[in-house]
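> Fold the following and give me the result.
(chains A and B)
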Protein chains: 2
Amino acid sequence: MKIVFLVFDGITALDAIGPYEVLARLPGAEVVFAGLQKGEVRTDNKVLGLTADVGIDDVTSCDLLVVPGGYGTRRLEKDERLLNWIRAIDRDTKITASVCTGALLLSAAGLLRGVRANTHWALRERLSEHGAIPAAQRVVRDGKYATAAGVSAGIDLALELALELFGHDVAAAIQLGIEYDPDPPLDCGDAARADPKIRDAVLGRVRARDAQAKAQG
Amino acid sequence: MKIVFLVFDGITALDAIGPYEVLARLPGAEVVFAGLQKGEVRTDNKVLGLTADVGIDDVTSCDLLVVPGGYGTRRLEKDERLLNWIRAIDRDTKITASVCTGALLLSAAGLLRGVRANTHWALRERLSEHGAIPAAQRVVRDGKYATAAGVSAGIDLALELALELFGHDVAAAIQLGIEYDPDPPLDCGDAARADPKIRDAVLGRVRARDAQAKAQG
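Model (predicted):
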């Protein structure tokens, strides 16, 4: 089972590394990180470098494509070379997945027209720009598409896929292996239940940074 | 606030990237990834490269040190250059933290004698080798030490530290920003509640791989 993670400058690292840590443990998984070019990409805050072992031109097919998010997706929504690659790869995938604003790339590629999908809660309305149907669920499955909410939701998405593709015992062993028994100190990770003051502050920051990324794009 | 993440060949990526995604969002955070040498390290499965922007010799102090785990820690438990660096850095930290088997490095450095600490559940007994007091909690705080359970527990550890250091509103905004409202499809991430058959299989695999890493060390 060939699994490809797209990486790019401006990626949010956990969007990719959360599902990677689950999916790389699937039986027979062959995982590769692909960038627009081979070489290092830097995260949204520029603090961390991740290695793209191959460029997208070296990847012609895979079983599972994972497109993570980050403010870097804004610029890429207009990158026809990347969008064409996503479209071509998607033709052969069993599952095409995204985390956070990775869904906006799948959407910009035209893959989510009429498809129920999710992204980061603060940018969910942008899904409809290219005809996706916004769904406020942590993990959304619709046909061959699997889209997760923001950043940390990619872990849950990957475990759902492990369960779906390989069954209970494999998914349970992976979850126990990464000791995923989450216990956040606060109950505020969902926008619908968050303190409105904090929600509005985060919403403002995310939208301002998205607008900035659009202006720079 | 200077935050240093140790990275090394054989690291489990999520051990570092989980807390990084939280801590890099702290007000005034200055985050750096440090390796034994500057340059790329490869994860435990060799699938992913992370960049160490500096070598440990370039880091002489920080406020928060985060030591992640992975099978690569086995070899490093005997690396006196690294252990001496950890001891020296620890003298000035406000908090010294670990995720998963990163605790076994803090322990090997002699920092956890008489300190309550945790690591990956399957290797918890190894904490007592250097006098730490094993505690089966997801996040353990004892004095200036903060140690997390396996792999994914680093996210909860980092949110606990955000709450402790910067208070409710900062921690809540970060948690909402990374949409951390976990919802795993199975309830099996804690060894005490896991199916014994699956627990024993994972325990066997983790201990076998740890023994192999020890033999290769």
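
> quick one, what contacts the one residue sitting closest to the centre of chain A?
The centroid of chain A falls nearest to A:Val99 when counting by Cα atoms, centre = their mean (2.0 Å). Neighbour list for A:Val99: A:15-16, A:18-19, A:66-69, A:147-148, A:151, A:153-154, A:157 [criterion: Cβ atoms under 8 Å, 6 or more residues apart in numbering or on different chains]. C-beta here means a position set from N, CA and C on the backbone, and glycine is covered the same way.

> What about chain B: which of the residues you listed touch it?
Subset of these in contact with chain B: A:18, A:151, A:153, counting by Cβ under 8 Å from any Cβ of the partner chain.

> in the helix or strand A:Asn84 falls within, what's buried?
Element membership for A:Asn84, per DSSP states H and E: helix A:80-90. Neighbour-count burial for helix A:80-90, counted by 16 or more other Cβ atoms under 10 Å in any protein chain shown, picks out A:82-83, A:85-86, A:89-90.

> And it, how far out from the chain middle?
For helix A:80-90, the separation from the chain centroid amounts to 16 Å (computed by Cα atoms, centre = their mean, to the nearest Å).

> hang on, the earlier thing: of the ones next to chain B among the contacts of A:Val99, which is the most crowded?
The most crowded member of the ones next to chain B among the contacts of A:Val99 is A:Gly18, carrying 34 neighbours; neighbours defined as other Cβ atoms under 10 Å in any protein chain shown.

> In a strand, it, correct?
No - in this structure, A:Gly18 is helix, not part of a strand, as judged by DSSP: H, G, I helix; E, B strand; the rest coil.

> Format the buried residues of helix A:80-90 as a markdown table; extra columns: pLDDT and distance to chain B.
Shown next, in a markdown table, are those (pLDDT from 0 to 100; distance: Cβ to the nearest Cβ, whole Å):
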| residue | pLDDT | distance to chain B |
| --- | --- | --- |
| A:Leu82 | 98 | 20 |
| A:Leu83 | 98 | 25 |
| A:Trp85 | 98 | 20 |
| A:Ile86 | 98 | 21 |
| A:Ile89 | 98 | 19 |
| A:Asp90 | 98 | 22 |
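
> Now tabulate the residues you listed in CSV and tack on distance to B:Gly189.
Formatted as CSV, these follow (distance: Cβ to Cβ, whole Å):
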residue, distance to B:Gly189
A:Leu82, 35
A:Leu83, 37
A:Trp85, 35
A:Ile86, 32
A:Ile89, 32
A:Asp90, 32
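
> between these, which is nearest B:Tyr180?
The closest of the buried residues of helix A:80-90 to B:Tyr180 turns out to be A:Ile86 (Cβ to Cβ; 27.2 Å).

> need the contact list for the closest one.
A:6, A:65, A:67, A:105-106, A:109, A:111.

> Just the ones in helices from those residues, please.
A:105-106 (DSSP state H).

> For the contacts of A:Ile86, which single residue is the most surrounded?
Of the contacts of A:Ile86, with other Cβ under 10 Å as the count, A:Val67 tops at 31 neighbours.

> and that one, what pLDDT?
pLDDT for A:Val67: 98.

> returning to what we had before: taking the contacts of A:Ile86 together, which two end up most distant?
Most distant of the contacts of A:Ile86, by Cβ to Cβ, are A:Leu6 and A:Leu111, 13.4 Å apart.

> Any idea how many residues pack against the spatially closest residue to A:Thr73 that is not a sequence neighbour?
The spatially closest residue to A:Thr73, leaving aside those adjacent along the chain, is A:Thr101, at 4.6 Å (Cβ to Cβ, 6 or more residues apart in numbering or on different chains). Counted with other Cβ under 10 Å, residues neighbouring A:Thr101 total 33.

> So A:Thr101 sits against A:Trp121, correct?
No - here A:Thr101 lies out of contact with A:Trp121, judged by Cβ atoms under 8 Å, at a distance of 11.0 Å.

> sorry, back to before: for the buried residues of helix A:80-90, work out which two are farthest apart.
Farthest apart among the buried residues of helix A:80-90 by Cβ to Cβ are A:Leu82 and A:Asp90. That separation is 12.3 Å.

> what about the helices in chain A?
A:13-23, A:73-76, A:80-90, A:102-108, A:153-166, A:168-177, A:196-216.

> Dump those to JSON lines, plus distance to A:Glu129.
JSON lines is the format used below for those (distance: least, Cβ to Cβ, whole Å):
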{"stretch": "helix A:13-23", "distance to A:Glu129": "20"}
{"stretch": "helix A:73-76", "distance to A:Glu129": "12"}
{"stretch": "helix A:80-90", "distance to A:Glu129": "14"}
{"stretch": "helix A:102-108", "distance to A:Glu129": "7"}
{"stretch": "helix A:153-166", "distance to A:Glu129": "21"}
{"stretch": "helix A:168-177", "distance to A:Glu129": "34"}
{"stretch": "helix A:196-216", "distance to A:Glu129": "12"}
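
> Just name the most buried of these.
Sort the helices of chain A by mean neighbour count, taking mean count of other Cβ atoms under 10 Å in any protein chain shown, and helix A:13-23 sits at the top with a mean of 29.

> does A:Leu123 really touch A:Ser107, like I thought?
No - between A:Leu123 and A:Ser107 there is no contact under Cβ under 8 Å: 10.8 Å.

> just checking, A:Pro184 touches B:Ala158?
No - with contacts counted by Cβ under 8 Å, A:Pro184 stays clear of B:Ala158, the gap being 10.1 Å.

> re the thing from before, tell me the contacts of the residue nearest to A:Thr73?
A:69-71, A:73-74, A:119-120, A:123.

> Identify, from those residues, the entry nearest to chain B.
Using Cβ to the nearest Cβ, A:His120 comes nearest to chain B of these, at 6.4 Å.

> pLDDT wise, what is the residue lying closest to that closest one once chain neighbours are set aside at?
Nearest residue to A:His120, sequence neighbours excluded (Cβ to Cβ, 6+ apart): A:Gly150, at 3.6 Å. According to the prediction, A:Gly150 has pLDDT 97.

> what's the neighbour count on A:Gly150?
A:Gly150 has 30 nearby residues by other Cβ under 10 Å.

> close enough to count as contact, it and A:Ala103?
No - A:Gly150 is beyond contact range of A:Ala103, at 10.2 Å (criterion: Cβ under 8 Å).

> Would you mind grabbing the residues shared as contacts by those two?
A:69, A:119.

> and the gap between the closest residue to A:Asp90 other than its chain neighbours and A:Ala24?
Computed as Cβ to Cβ, 6+ apart, the closest residue to A:Asp90 that is not its neighbour in sequence is A:Thr96, at 4.9 Å. In this view, A:Thr96 and A:Ala24 are 18 Å apart by Cβ to Cβ, to the nearest Å.
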